[in-house]
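Visitor: The sequence and its predicted three-dimensional model are supplied below.
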Amino acid sequence: MEEYKRKFIRTLILLLTGLLIVTASASVYNILYLQAAPIRVEAAKVRFVTASDSGPAGATIGTNGTFASLSGLAGWPNATRIYEAALGIRSYDTANHPIELKFTSWSGSTDKIDYIYVKVFDENGQQKGSTVNVGVEGSSTGQVVLPAGATWRVQWEIKWKAGALTTDFVSVILQLLVSE
């Protein structure tokens, strides 16, 4: 019996010592530092530009071409309005860039909209990627490659439901993802 007590006490001391070592070593660490400087601004290689329907669409392009706003889009109830070239996307680079136009969010009288489709077309009138279905989470063109120096157009198709009133409106946010 005495033998078991000694073994038990030794085992207990060994376990407590191990726990103390693990606890003590877990609190010892080193901190390393990384500095990135200077981080510079460069001109955007892909930018929003105006297109043939930018006036009626109320397009405003930010100073550096990385932001665009469309304040003139509208449509009649129970009819489809199409802005074939509400906005342009232009590459100012000598390299191709994968891009993706993606629905992010919307608000307002969303229940009064039949649909809003956003499509991207190249200079030859070929649709690039899938149709962005505004209101459908995750809807995007998918990744498509914008060639160096190319300008593509962004088309909007808007259809309000028959019961929509002139006081109804929606606000839409899309993202243009540009890969290096």
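Guide: The structure has been received and is ready for your questions.

Visitor: Please, which helix or strand holds Ala86?
Guide: If you go by DSSP states H and E, Ala86 is part of strand 80-91.

Visitor: the strands in the protein, which residues?
Guide: Along the chain, counting by DSSP state E, strands occupy 46-49, 59-61, 68-70, 80-91, 97-108, 113-121, 132-133, 144-146, 151-160, 170-178.

Visitor: Make a markdown table out of those strands and add mean pLDDT.
Guide: A markdown table is the format used below for those (pLDDT from 0 to 100):
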| stretch | mean pLDDT |
| --- | --- |
| strand 46-49 | 98 |
| strand 59-61 | 98 |
| strand 68-70 | 98 |
| strand 80-91 | 98 |
| strand 97-108 | 98 |
| strand 113-121 | 98 |
| strand 132-133 | 98 |
| strand 144-146 | 98 |
| strand 151-160 | 98 |
| strand 170-178 | 98 |
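
Visitor: and Lys159, what is it in contact with?
Guide: 75, 78-81, 113-116 (C-beta atoms under 8 Å, 6 or more residues apart in numbering). In short, each C-beta sits where N, CA and C put it, glycine included.

Visitor: just Trp152 next, same as before
Guide: By C-beta under 8 Å, 6+ apart, the neighbours of Trp152 are 88-90, 120-123, 128, 146.
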